[in-house]
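Student: Can you look at this prediction? I've put the sequence above it.
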Amino acid sequence: MRDLREYSKQTNVRLAFGAFILLFVIGVGLIWLIYGGGAAGMAFTCLLAALFPVLLILLFFVVIEWILKRARPK
């Protein structure tokens with residue numbers, strides 16, 4: 001029997017990783033091709049700044065999940 005929760009979690013991680021690759025590589029690459037290196041550097045900086053709150057929220061969820069797993073009776 002398959003563990004569908006693990007499969008779902010793995011799929012979500014792969015989708016998120018693919019989205020970040022598209023955003024950073026393709027997005028910044030297109031900005032570099034159209035507007036030049038300075039604009040691409042600023043776009044990369046802005047994307048990193050926007051990524052910081054997202055990572056904080058994800059870290060918060062991971063900590064909550066860890067606490068809940070430890071609190072569940074076995």
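Tutor: Thanks, I have the structure now. Residues are numbered from 1 along each chain as shown.
Student: Who are the packing partners of the one helix or strand in the chain whose mean pLDDT sits lowest?
Tutor: Ranking every helix and strand in the chain by mean pLDDT, DSSP states H and E puts helix 4-21 at the bottom, with a mean of 92. Packed against helix 4-21 by the contact rule (3 or more CB pairs under 8 Å, 6 or more residues apart in numbering; DSSP states H and E) you find no helix or strand. Using the backbone N, CA and C atoms, a C-beta is placed for each residue, glycine as well.
Student: For that helix, buried residues please.
Tutor: Using 16 or more other CB atoms under 10 Å as the test for burial, helix 4-21 gives no buried residues.
Student: what's the single longest helix in this protein?
Tutor: helix 37-71 (DSSP state H).
Student: buried stuff in that one?
Tutor: Ala40, Ala43.
Student: Who are the packing partners of that helix?
Tutor: helix 28-35.
Student: List the contacts of the helix it packs on.
Tutor: Ala39, Ala40, Ala43, Phe44, Leu47 (CB atoms under 8 Å, 6 or more residues apart in numbering).
Student: I'd assumed Ile26 was in contact with the last one.
Tutor: What that stands for is Leu47. No - contact status for Leu47 versus Ile26: not in contact, 11.9 Å apart, counting by CB atoms under 8 Å.
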